Structures are given as structure tokens and as C-alpha cells.
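Visitor: Fold the following.
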Amino acid sequence: MLRRIFLPVLLLAGCTSLYADVTMRMGLDLKFNLALPGALPQLPFNEMLTQVKGDRGYAVIGPIVAVTDLSTGKITLLDAKTKRYAAIAIADYISKIAGSSGQGAQAMQNMPEEAKQMLAKIKFDAESRDTGRTSRIQGIDAYEREVLVHISIPVPLPGVENGLLVNLKMQVWKPKPSEFDRVPALRELAAYNDRNKGFGDPSAALRQMFGAMPGMGDHLGQMVDEMQKGGKVMLGMHMGIYVPGLGAMLDKAGKGDAKALLPPEGEPLLSVNLDLKELSSATVPAEVFSIPAGYKEAPVEDLMKGLTSALTGAKEKDAPAPQTK
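Guide: Residues are numbered from 1 along each chain as shown. Predicted structure coming up:
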């Protein structure tokens, strides 16, 4: 679920967070801290690449490539495996991810009234602070902001009065203000973000994606707002997802065996790391943003299926070979 929600937004943000010629490469690691037998599911890729030239952006997450053009407001998805492409307005891209073009609203209408009431009663608090910690990331002096998110979900659980509690703890690393004068690529990042004024902003995207669910769009938008305090340029992030008291809940439910699969109390169930591997202002070739020769246009829904498979690691059947006359 986390992959389906956030990674498509990261893909869009990767395309639309830079200005002029910039290359940014981020290492990506997602880890489930559960003692399950056998191998745990892993992302089928471990980095995100973004390149920008003027108003055009190029982002790669796994096998899926997305090219955006801010002057036209369009995004083009490329699938190198099947040599297909599809172009769509960025606003429509967000809607299709969310299903808000019809499926999301329909699902909300079909949801039982009790479930709607539970969603409406979810409590969500987000706060952030400057920790005072500093580091040097790829030669750039950085400081840390901590973002804490507390979610209370009113679901009936054995021995629990207030429902399920979920906490997110994020350490977000940002450049020190003086570094923008020293590092040209950082200046380009900040200039483009300022010029864009929210175009492709993950906060706005999340609000739209979850608009059909009571409060969720605003809650997730609030989380991103806290992450962006102090500037939108990010050099790294560590996020842990915690469910305090989950072991005790399983004991009361008679699921002691399941409790043994959990990490020690105080350790995250899931951790996500983003680390800057490269930031360069070297010239990006114009052909990077062109549709490669031999690619065939396909329905955007087909390319979106490939995107979902890439993000979840699910297997997707190869597209049928085009018929020749």
C-alpha cells in the first residue's frame, strides 16, 4: 500500500523539482523488519534518477521512465521492456493513480457507512523541528529536520480503548542556506521550485489523490507540508513506521506466535531510506527527453499497469507482440 501511494508521487516530483541542467541520483531502500520465513518482498530497484533541462524533466524508477514538459503540462511514460509510450496531462496522471477519475469516488460510495464514519474519526497530528544535527552529504553541508506523525485509527481491538496507533518518524536532511550560493545545482533546484509554485507539488497531489476519503487528503498533505518546511530541496531522508503496543495487542488476542514475528518494541515495522548519491549541473543531452525510435504508442492505462507492477514488484505479463500485416 505504501508503495502504491507514495512512489508514483515521487516519480512526478522527481520530474518536476529541478530547473536548467541538473542530474540527481538518489539511493532508495525499503525494508520490512519482520521475522517472516523466507525472503521478504523487496523493491525491484534501488535508486531514482532525475535529469532536467529547462522545462523538461526525466525521471526513472525501476523500468519505468517518465518525461515531463512543464510548458505543455504533459507527462510521457516510457516502458523500455515493451518499447511502448503514452502521453497524458499531469493532472490526469494523478487522477489515474488515485482512481479519482471514477474508481476512487465509486469505492467511497460503496463503502459501508461504519467504515466511512471510522475514516472520518481518524486523528492525525504532524509536527516538525530542527534537531540541531548536521552532516556533510556528497560535499554539501546539511542539517536535519525531524518530522513526527501520529495517527489514531478507531478500529476495535482486544484490550485497546483508543484503537490502533501508528507513528511515523522521519529525519529529513536539507542543505544549509549558505550552500545555495556555493553549489550551482542547489540554486537551480531552489529556483525551479520557486518558479513552479506548486506545479506537481506532492502535497497538492496527495490532497487530490485522497480527496474522496474523509480527511485523508488533508492529513497526508499536512505531512508533506511539514517535510517541506525549511525548503523543498532534500538531500536524504530516513523514515520509520511504528505501531506501539502491537505485541501486547497480539498477546491479548491470543496471537502470541504472531508476536514473535515482530521487531523488538521501539523498532520500526518498516523503514525507508533515501540517500543522495549524485548531484551535478553538467549538461544533459537534449535527446534524453525524446521518445526513442521504435517505440509504439499505447493506451495510458496499459503503461500505468506497468508502473504499478514496477512499484510493487508484481509480475506483469508481457504485452502481446504487435501484429504485422
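
Visitor: Helices of the stretch 51-200 of the chain, start to end?
Guide: 90-98, 103-110, 113-120, 179-182, 184-196 (DSSP state H, counting those that start in this stretch).

Visitor: And for E146, the neighbour number?
Guide: 15 (other CB atoms under 10 Å). (Each C-beta comes from the backbone N, C-alpha and C, glycine too.)

Visitor: Over to the one 10 residues further on?
Guide: With neighbours defined by other CB under 10 Å, the count for P156 comes to 9.

Visitor: Show the contacting residues for it.
Guide: Shown in contact with P156 (CB atoms under 8 Å, 6 or more residues apart in numbering): G163.

Visitor: Over to K174?
Guide: 142-145, 230-231, 233-235.

Visitor: Return the set of residues that bridge with it.
Guide: Beta-bridge pairing for K174 (DSSP bridges): Y143.

Visitor: And the contacts of stretch 128-137?
Guide: In this structure, residues lying in contact with stretch 128-137 by CB under 8 Å, 6+ apart are 141-148, 171, 173, 176, 226-227, 229-230, 235-236, 275-276.

Visitor: at 6 Å instead, please
Guide: Stretch 128-137 is contacted by residues 142-147, 226, 229, 235-236, 276 when judged by CB atoms under 6 Å, 6 or more residues apart in numbering.

Visitor: now swap in stretch 263-281 and tell me
Guide: 22-33, 137-138, 184-185, 235-243.

Visitor: Which of those fall in strands?
Guide: 22-32, 137, 236-242 (DSSP state E).

Visitor: Could you give me the ChimeraX syntax to select whichever of those residues are buried?
Guide: For the buried members of the ones in strands among the contacts of stretch 263-281, the matching ChimeraX selection, counting by 16 or more other CB atoms under 10 Å, is:
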select :22,23,24,25,26,28,30,137,236,237,238,239,240,241,242
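
Visitor: ok, back up a step: would you single out the least confident of the helices of the stretch 51-200 of the chain?
Guide: When the helices of the stretch 51-200 of the chain are compared by mean pLDDT, helix 103-110 comes last with a mean of 54.

Visitor: where exactly do the strands run in the stretch 201-325 of the chain?
Guide: With DSSP state E, counting those that start in this stretch, the ranges of strands along the stretch 201-325 of the chain come out as 236-242, 270-280, 296-297.

Visitor: Residues in a beta bridge with the nearest residue to V67 once chain neighbours are set aside, which ones?
Guide: Nearest non-adjacent residue to V67, counting by CB to CB, 6 or more residues apart in numbering: T76, 4.6 Å away. On the basis of DSSP bridges, T76 is bridged to V67, A87.
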